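Participant: Sharing a model prediction with you, sequence too.
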Amino acid sequence: MTKILCIGDIMLDVTAVIGRPISEGLETRAKISTQGGGAAANVASWLATHGTSAFLVARVGDDAAGQTVLSELDSFGVEHSNNVIKGANTGVVIVIVGRDGERTMFPDSGANSGLGLLDLPDLKQFTTVYISGYSLINPDSRSGVIEIIEAAKSQNLQVIFDPATVGVLMEVGISKVNEWLSYMDALILNEEEAQFISGKANPVEAAGELLKTVKTVVIKRGSNGALGQVRGGDLIQIPSHPTIVVNTTGAGDAFAAGFIQIWATNGDLSDALESGATLAAKCVALISARPLVAPK
């Protein structure tokens, strides 16, 4: 049975959808809602609601937000740890969504900081590990997450890495990110991230450069679809799926989940890309970064 271990953040998203440009110093009306968030938690939720068992290593604060986000994981069928960090706040992201559905994010990792080997369940139950770049970029978690990756590799588990946004990658620099890539079996990232890491503006050339280090590379291209390639294999490109864009928050996480559920069972690369595009199209039509309806 395929079971995916998800390593990274669980957050409370506070989302404000605005209908016009923000005027600094003045009131801007918005439609505000709260949802569970965090890249690893989002991936686990999309996996679990689409038939693939997922376990999230979750660290929350001893506050109401922590109880809420863990309860939501239960509703989606996600297995998880229950690490409540006394005196810490649950991670929160402020998400500002503009008229075009694009979002700007202001994260506070909170209790997520400090991940390490002691947070892990028994690795023998998993086939694949998903690593969110946010956990490696966080200096309080970095050494512990490297130890987690090394433990996974020692158990011959496949490791998939999503390096997170360029905004946070710049905090550690390209050389450090390339060092992390040497641990990974597959890389899922967007065009901006691919360009930043590889130094290549063309996504096909970027994939070729990244394949020198990672065996499988997938580049998400938003409305232009996605491309993927296994080292030594053919480049595969797919179009995006038709949808109505409401909020792009979590679209990359949904794509990753769709891809992983096929790739982790040694499925066809083209099928994995299509599966990713399917879930991404569902996600951008929602305000939330998570599936709209929990399974019965």
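Facilitator: Alright, I've got the coordinates.
Participant: tally of neighbours for Glu171?
Facilitator: Neighbourhood size, Glu171 [other CB atoms under 10 Å]: 11. (Glycine included, C-beta is placed from N, CA and C.)
Participant: What of Gly258?
Facilitator: Neighbours of Gly258 using other CB under 10 Å come to 27.
Participant: Are we agreed that it is in a helix?
Facilitator: Yes: under DSSP: H, G, I helix; E, B strand; the rest coil, Gly258 sits within a helix.
Participant: gap between it and Ile148?
Facilitator: 24 Å (CB to CB, to the nearest Å).
Participant: Name the SS class of the residue lying closest to Leu292 once chain neighbours are set aside, please.
Facilitator: Spatial nearest neighbour of Leu292, excluding adjacent residues (CB to CB, 6 or more residues apart in numbering): Leu286 at 5.4 Å. Following three-state DSSP, we place Leu286 in the coil state.
Participant: pLDDT score for Leu286?
Facilitator: Listed pLDDT for Leu286 reads 83.
Participant: From here on, call the first residue 8.
Facilitator: Happy to do that; since the first residue is 8 now, the last one works out to Leu293.
Participant: thinking it is in contact with Val253, fair?
Facilitator: Yes: Leu293 is in contact with Val253 according to CB atoms under 8 Å; the separation is 6.3 Å.
Participant: Name the residue in these two with the higher neighbour count.
Facilitator: The neighbour comparison of Leu293 against Val253 (other CB under 10 Å) goes to Leu293, with 18 against 15.
Participant: What strand or helix carries the nearest residue to Gly123 once chain neighbours are set aside?
Facilitator: In space, Gly123 comes closest to Gly151 once its chain neighbours are excluded; the distance is 3.0 Å by CB to CB, 6+ apart. Gly151 belongs to helix 149-161 when assigned by DSSP states H and E.
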